[in-house]
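A.B. asks: Below: sequence and its predicted model.
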Amino acid sequence: MKTFLILIVAVILTSCIHDDLDWSPRYNSEISIYLVKEGQLEIHDTDIDMKKLKLESTPWIKSSEIEFYDWSAHAFFLNCDKEKARYEKRHFVVTSGNDRLFAGIFWPMYMSSFPIIPAIWPEDGFCSPKSVVRFGQFGFFFPGNMDDQTEFKAALFSAGILREGIKVELLSAKKKGSNAVEYSFKITNRDRVSIYILDPDKMGSPRFHYITNGISFSQGEKYYSADFFNSSPFDKIQPDWYYKLAPGFSITRTVELQGFGSLPTGKVKAYFSFPGSNMNTKEWKLNDGRIWIGDFRIEKELTLQ
């Protein structure tokens, strides 16, 4: 009975997720990524006519190599490894059959500026396994927002490879003294399988804040962040630091972050980045689910007291 109820919740949740888009099957089921032949574009080009671009004859990522796309992580999960670093500053085009959906770039991680078109992290096993190809979320002010690619999302759905992944909601934040904040967030599994997420209760807030800067704020033109918070470095994520989140279910966590020089009071804009695993192996695929790899960024207005 419990399993049946979980499946019912997952079906209802999935039906609600797609109500805001046109999901008519007008897209070809073959999602691929092609490299743009060199010499046509400069690294900072943004006004791109995709129809005029000459692409390589064979795709860099074939449809048959894609297991699924996690929308919450903005990442392709593949059944093979792909080298990415060798393509720094190269452009690519994502296609659905013969339709060119959007163009992007392999944006070097050492660049001081941000791309303003979708960008792939050109790293090999540093931030994620080689079998995971992530579109970079380079900051809260990153303009190449993949969430805006609704045509791409519809094509993924038509191809049967769209997975919603997780949803993270920032619930509240309150001051604890003059230099600390206690913040709460909720994580929901919107997928069809169990997802293992990093749990600050299991790993401890110092380790949690080693891989995320936690919460920060802005009020007017002033920005507030924790510059001297307690963090504990580690070399490898331990299995018991994960929480197994079943489809359709949620958990809420409250974490304390110290190290603010000062804190505002009243209405603020809050920023929070929930971290995923940064493994460099294929261990994201488990017998009873998968480990979430990504970086879920939230920007929300709330009252800080």
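C.D. replies: Structure's in. What do you need?

A.B. asks: from here on, contacts and neighbour counts on C-alpha atoms
C.D. replies: OK.

A.B. asks: Angles on the backbone of the residue most central in space within the chain, please.
C.D. replies: Taking CA atoms, centre = their mean, the centroid of the chain lies closest to Ala73, which sits 2.6 Å from it. Main-chain dihedrals, Ala73, degrees, to the nearest 10: phi -100, psi -10.

A.B. asks: Low-confidence stretches in this protein?
C.D. replies: 1-28, 112, 125-126, 137-145, 279-282 (pLDDT under 70).

A.B. asks: Which parts of it are helices?
C.D. replies: Secondary structure of the chain by DSSP state H: the helices cover 2-17, 150-159, 200-203, 205-208.

A.B. asks: Lys153 contacts Arg163, doesn't it?
C.D. replies: No - at 9.9 Å, Lys153 and Arg163 do not qualify as touching, with contact defined as CA atoms under 8 Å.

A.B. asks: quick one: Trp107 from Tyr271, how far?
C.D. replies: 24 Å (CA to CA, to the nearest Å).

A.B. asks: if you count what's nearby, which of those two comes out ahead?
C.D. replies: Using other CA atoms under 10 Å, the more surrounded residue of Trp107 and Tyr271 is Trp107, with 26 against 19.

A.B. asks: looking at it, the more buried one is touching Glu88, isn't it?
C.D. replies: Yes - look at Trp107 against Glu88 with CA under 8 Å: they come within range, at 6.2 Å.

A.B. asks: between those two, what contacts are shared?
C.D. replies: Both Trp107 and Glu88 are in contact with Pro122, where contact means CA atoms under 8 Å, 6 or more residues apart in numbering.

A.B. asks: Can you tell me what sits against stretch 179-191?
C.D. replies: 10, 13-14, 163-176, 195, 215, 245-263.

A.B. asks: again, but for stretch 84-101
C.D. replies: Contacts of stretch 84-101 (CA under 8 Å, 6+ apart): 27-36, 38, 41, 43, 50-51, 102-108, 121-124, 151-152, 155.

A.B. asks: Just the ones of the residues you listed in strands?
C.D. replies: Ile31, Ser32, Ile33, Tyr34, Leu35, Phe102, Ala103, Gly104, Ile105, Phe106 (DSSP state E).
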